[in-house]
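> sequence plus the predicted model coming up.
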Amino acid sequence: MKAHPTAIVDPRARISLDCEIGPYCVIGPEVELGGECTLMSHVAIAGPTKIGTGNRFFPFASIGTGPQDVTYAGEPTRLEIGDHNDIRECVTINRGTVKGGGVTRVGNHTLIMAYTHVAHDCQIGDHVILANAATLGGHVIVEDWATVGALCPVHHFVRIGAYSFIGGGTTITRDVLPFSKTAAARDTHAYGLNAIGLERRGFTKERIRKIHHAYKVLLASKLNTSQALDRLKSEPDRGEDIDRLIQFIEASERGVIK
């Protein structure tokens, strides 16, 4: 293993031999680090934490430390991180709590920018972007391909739908609809479809057209949410994207941002 002489690695950690451990890094016991991971410098990783392959940790990241929860009493909860993630400077990612399922998860191919905080029991999907100083409270779910803008505080137990885009500085206290653009002017609103993002992800014009129609029914008609869902359910050719949108809204416990 290529480790700088100033790095401190607990002998109980399990680290692939092709990892690079930079100056002044500290790796605690019960840390498992997969192949081709790089810790640039001053990175602290506590366990139990399991990390996949090809991840890069930038200076002063703090990974796998105990949750910031006053009820946490030192139980052996854990953090799991997938493959090929970039975790930038001063990011903090905490382990889970027993009452929240015991595990915080980060998927694959995510970009977690500087000063972002991922609290206990969060579940982060694949290809997610968390911009600088995004702050996720406990138990937040961020689905695949979602983008959370810089300086966004996200309330506990909120779900952020797949392919959604949240503008910088937006306070999120309710669930964010899949495929949506959400931002704050005076109040926080969904401003329609994240069409550019969907095009970049390979969505066909027909798929985007159907989602756009669903958003017109949800956001621009005079129907309330229940009536809009009934209208969408009655359309036989709505497709799997609309089914996903319907299921997301029906499962929401905090309500959705419209």
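That came in fine, so what should we check first? Numbering: from 1, shown residues only.
> pretty sure residue 245 sits in a helix.
Yes. Counting by DSSP: H, G, I helix; E, B strand; the rest coil, residue 245 is part of a helix.
> which residue is the nearest non-sequential neighbour of residue 17?
Nearest residue to residue 17 in three dimensions, chain neighbours excluded: residue 1, at 5.2 Å (C-beta to C-beta, 6 or more residues apart in numbering). Yep, even glycine has a C-beta here, placed from its N, CA and C like the rest.
> thinking the one you found is in contact with residue 13, fair?
No. Taking C-beta atoms under 8 Å as the definition, residue 1 is not a contact partner of residue 13, at 10.3 Å.
> low pLDDT regions in the chain?
Within the chain, the stretches with pLDDT under 70 are 185-187.
> okay, now the domains of it?
Residue ranges for the domains of the chain, per automatic domain parsing: 2-142, 197-251.
> deepest in the core, which of those domains is it.
The highest mean neighbour count among the domains of the chain, using mean count of other C-beta atoms under 10 Å, belongs to domain 2-142: a mean of 19.
> quick one on the thing from earlier: which ones are touching the residue nearest to residue 17?
Going by C-beta atoms under 8 Å, 6 or more residues apart in numbering, residue 1 touches 15-19, 21.
> and what of residue 218?
By C-beta under 8 Å, 6+ apart, the residues touching residue 218 are 177, 225, 228, 232, 258.
> again, only using 7 Å
Residues counted as contacts of residue 218 (C-beta atoms under 7 Å, 6 or more residues apart in numbering) are 228, 258.
> and for residue 172?
152, 154-155, 158, 166, 188.
> show me what it is bridged to.
Following DSSP bridges, residue 172 is listed with bridge partners residue 154.
> measure it to residue 43 for me?
Using C-beta to C-beta, to the nearest Å, residue 172 is found at 28 Å from residue 43.
> sorry, back to before: okay, the domains of the chain in CSV with distance to residue 184 next?
Shown next, in CSV, are these (distance: least, C-beta to C-beta, whole Å):
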stretch, distance to residue 184
domain 2-142, 14
domain 197-251, 16
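> just to revisit the earlier point, among the contacts of residue 172, which one has the most neighbours?
Using other C-beta atoms under 10 Å as the neighbour test, those are led by residue 166, with 30 neighbours.
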